[in-house]
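Trainee: build me a structure from this.
(2 chains)
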Amino acid sequence: MDEKLDNVITTEEPVVNESNQENQKEESKFKKVLKKVLKFLKWFKEEFIKFPLFIVFHPLKGWEEFKREKRGKMSVAITFGVFVAFLSIMEYQYSGFIVKQVDVTELKLFAEIAYVVAPIALVTVSNWSITTLFDGKGKMKEIFMMICYSLFPLAWAKFVGLFVSNVVSQQEQAIYSLIQALGVFFMCYMAFFGFISIHEYGLLKCILSLIGTAVALLVICFIGILCFDLVQKMYGFVYTIYREITLRYF
Amino acid sequence: MKHVRRIAIFVVAIMLLVTGLNFKAGYTYSHDGQVISSPPGYSATIDGVYNVLSTAWGGKINEKEFNSPEDLYIYTDPDTNEESIYIVSSSTSIDKDTNICYNTLFKFDEDLNFIEKISQFEVVPDRFTNLELSKMKTRVDSTGSASSSPLTSVYSYEKIKSIKETPYESRTDDQKMYIKLFKVSGVYRAKRAARDENNVIIENEFEDLIFLCDTGNSQIVIVESDTYKVVQVVSGPTDAVFTGKTFSPTKVLTDTAGRIYVISDGIYEGIVLLSNKGEFMRFVGVNYTTLSFWDALWRNIATEEQRQQMTSILQTEFKNFAMDSQGFIYTVSRPTTNSQTGATDDKSMIKRINQAGKDVLVRNGYSVPKGDLVTILVGNKKGGSQFTGIAVNDYGMYTVVDAKGGRLFTYDKEGNLLYISAGSGVELTNLVNPVAVSYQGDNLLVLEKNNRAVIRFTPTEVGALINKAVKLHAIGRSEEASEEWQNVINQNPNYELAYVGVGKTYLEAERYLDAMSYFKTGFSVSYYSKAYKYYRDDIIKTYFPWVMSVIVVAVLAKIGYNVYKNIRYKKAVKDAGDIDG
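Mentor: Numbers count the residues shown, from 1 in each chain, chains lettered A, B, ... in the order given. All right, here's what the predicted structure looks like:
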């Protein structure tokens, strides 16, 4: 009996212990995940909402921290870009009929993405190429991150606008327009102070550099279109030769 | 080779057939102004073409008399509902064989059977003073070329005196005086209240008059509708605003008060409004031109010399008009063009002018009523539509006829484009140079100047449905209208306006979700918004009490909890104090 009991106890006890241990392990795993999630959420709130908001309301100090204390993060910047691209696609699909009368079948995914990515890339490159001449202190990476961070108000405006567009009537459409306009305004506001801080410019020099950026942008576009045309012509030439050869000899 | 030729012929035949079919199929404009295929609302068969060869006219009209038809007017007698159709045909030169310059008024019955034609209108001199007679003009075509001349130079005062002395019954043909029209371009018939010599209206007495725009003689000849004797001649206004301008009336109509509205060539100030006596009152419905911002700025900066070199922007004159049953005047005109920049403003080519002279046309359609939206940019047919005629029916529908494309555009009273019919071509039923259009019941009569014919357009199957739906909606039977719109959708699912029509009925039936879906398909943002507002109100009405009471309860609970906690805390403090004490 004792043996049996012992056996029972010995057989039972480890099982219980094991399951307890497993439970404990599972619990700790769950807790770990929860902790991680909470930590992520906290990080998200800090990086994606608090810091950009801080920049909006304290632009000079904010961008100073952004640059000097390396508070700006590449991952966050890219996320903002992706977020805006995603939202513009969502806008196409889910905006209210009163606000946007678009044909969903005419949605061009890559075009929508390009409308977000291309301006960012163009402004970054042209601004960098101008400010290196005007001895601006910003690196290309910083310029890119700064522009992406400036998308923060636009992203929020688009996000809120998406919901608002579905609950306004035609007379209240102004609310939607206001939200969109605020988004664009604060984006420009952030970017402007961003340019000042990143390149350590004065006001006048910043404006001059921005005009220069616009000119550079046009030049880049011009050369781009020129190249495109040239490549197309070359392709056309090669293709004609290919057709000629295939039709004649094969 | 034979094969190749056969195949080529076959392909060409197929292409012709396909293009021919496309042409017949008609088109309309979608909500975003794109050309989409859509059946026409009106069509004409060869049976509907009336010209000098048709049996209805019985060979009684000379080809030369009907050489250049200018205007068509359908008069419906208010008492008997009998319709008579008037057409005027003009000529500017003398025919070499007959030595006559043909300017004739034709009268037809409602089936366009010929009744009579009148080429000269008798003036009974006893009815007029010498001053009035001296102002009248008549065409003289015996001298080899047609010209306009005062009546008193054709018939001398002595002759007039001798005519007056002879009793009317015993006058010989030689003793009768006539006004001959010259370049006649407009006809109109209306009843107006008779007046005594003090210009006071005589009760229940009406004059039944035909108004003729005698453009070449610069006057409007008003004759009795049965005897064709001249009652009154309206010569050019002597008002100061007319100095240096010739009065060449092209179209005329009158309102219930007997006032005369005249469109005159070369007068850009608007429609000339004359009193029943023919005195100038004012201009109505001015075609304003507006300067664009840059134009205005540029004109401000420019010096006086520069400004003189700039081309002046002329207001365009009206081309034709019609009056609806409520007394509104519908007009068509050319777009105002800035000849310097080439910019045109074609948004108010069609106007609806109220008693105060303001344009009150409703333009709530997908696009402004202006005919063709997509136009050819080069060649001799380039540019937008050029309207020459307009017709209004009792349900606020109006049809304009475009001389450029030979098309009929029909709009409803909200400014929606209902359908586009007809087209130019070489067939007799095509419109090459249409000059007038008029509703005859549900049919349309179009006067075709190039083919010298009157063409009767009858509604097509879908056109009849649309007409019926618009009519039912206009008289407030919207449920039946909705059924008709549904029929229209069954016939032509591309017809966007029909979805709006069905949606309106759902809106009235308070089925807002259905209405919203139909308005969305019909791309009507304003109606969608209306329906959505009601829908949103409904949602708020059903859920607001619940949401609000939950919030109120939550707030009350929170306050209660706080109060309870406070009491507990105070009690605890008190207890603790008691222990301490």
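
Trainee: any idea which helix or strand comes after the helix or strand of chain A with the lowest mean pLDDT?
Mentor: When each helix and strand of chain A is scored by mean pLDDT, DSSP states H and E, helix A:2-44 comes last, with a mean of 69. Once the chain leaves helix A:2-44, the next helix or strand it forms, by DSSP states H and E, is helix A:51-57.

Trainee: report the buried residues of that next one.
Mentor: Neighbour counts over helix A:51-57 (16 or more other Cβ atoms under 10 Å in any protein chain shown) mark A:51-52, A:55-56 as buried. For glycine as for every other residue, the C-beta is placed from the backbone atoms N, C-alpha and C.

Trainee: contacts for it, please.
Mentor: Contacts made with helix A:51-57 from outside it, assessed by Cβ atoms under 8 Å, 6 or more residues apart in numbering or on different chains, are listed as A:61-63, A:65-66, A:71, A:149, A:152-153, A:186, A:189-190.

Trainee: among these, name the buried ones.
Mentor: The neighbour count (16+ other Cβ under 10 Å) marks A:62-63, A:65-66, A:71, A:149, A:152-153, A:186, A:190 as buried among the contacts of helix A:51-57.

Trainee: distance of the residue in chain A positioned nearest to chain B relative to residue A:183?
Mentor: Of all residues in chain A, residue A:170 sits closest to chain B, with a separation of 3.5 Å (Cβ to the nearest Cβ). Distance, residue A:170 to residue A:183, by Cβ to Cβ, to the nearest Å: 21 Å.

Trainee: ok, back up a step: ok, which of the buried ones among the contacts of helix A:51-57 also contact chain B?
Mentor: Checked against chain B using Cβ under 8 Å from any Cβ of the partner chain, the buried ones among the contacts of helix A:51-57 give no members in range.

Trainee: using JSON lines, please lay out these together with pLDDT and secondary structure.
Mentor: Listed next are the buried ones among the contacts of helix A:51-57 as JSON lines, based on pLDDT from 0 to 100; DSSP: H, G, I helix; E, B strand; the rest coil:
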{"residue": "A:62", "pLDDT": "92", "secondary structure": "helix"}
{"residue": "A:63", "pLDDT": "92", "secondary structure": "helix"}
{"residue": "A:65", "pLDDT": "90", "secondary structure": "helix"}
{"residue": "A:66", "pLDDT": "90", "secondary structure": "helix"}
{"residue": "A:71", "pLDDT": "87", "secondary structure": "coil"}
{"residue": "A:149", "pLDDT": "94", "secondary structure": "helix"}
{"residue": "A:152", "pLDDT": "94", "secondary structure": "helix"}
{"residue": "A:153", "pLDDT": "94", "secondary structure": "helix"}
{"residue": "A:186", "pLDDT": "95", "secondary structure": "helix"}
{"residue": "A:190", "pLDDT": "94", "secondary structure": "helix"}
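
Trainee: elements contacting whatever helix or strand residue B:544 lives in?
Mentor: According to DSSP H and E, residue B:544 maps onto helix B:525-580. Under the contact criterion of 3 or more Cβ pairs under 8 Å, 6 or more residues apart in numbering or on different chains; DSSP states H and E, helix B:525-580 touches helix B:496-508, helix B:512-521.

Trainee: confirm that residue A:99 sits in a strand.
Mentor: No: applying DSSP: H, G, I helix; E, B strand; the rest coil, one finds residue A:99 to be coil, outside a strand.

Trainee: how about the nearest residue to it, chain neighbours excluded?
Mentor: Nearest residue to residue A:99, sequence neighbours excluded (Cβ to Cβ, 6 or more residues apart in numbering or on different chains): residue A:165, at 4.1 Å.

Trainee: ok, which stretches of the chain are helices?
Mentor: Using chain A here. Counting by DSSP state H, the segments of chain A that form helices are A:2-44, A:51-57, A:59-68, A:74-94, A:109-133, A:140-164, A:173-199, A:203-249.

Trainee: the intended chain is chain B.
Mentor: Ranges of helices within chain B are B:2-25, B:130-135, B:151-154, B:157-165, B:293-301, B:304-309, B:461-474, B:478-491, B:496-508, B:512-521, B:525-580, based on DSSP H.

Trainee: quickly list the domain ranges of chain A.
Mentor: For chain A, automatic domain parsing gives the domain ranges A:1-57, A:76-241.

Trainee: by mean pLDDT, show me the worst of those.
Mentor: Across those, domain A:1-57 has the smallest mean pLDDT, namely a mean of 74.

Trainee: quick check, the residue in the stretch 351-500 of chain B closest to chain A?
Mentor: Using Cβ to the nearest Cβ, the single residue of the stretch 351-500 of chain B nearest to chain A is residue B:366, 10.7 Å away.

Trainee: return the residues in contact with the spatially most central residue of chain A.
Mentor: Nearest to the mean C-alpha position of chain A, by Cα atoms, centre = their mean, lies residue A:81 at 1.7 Å. Residue A:81 sits next to A:116-117, A:120, A:148, A:151 when contact means Cβ under 8 Å, 6+ apart.
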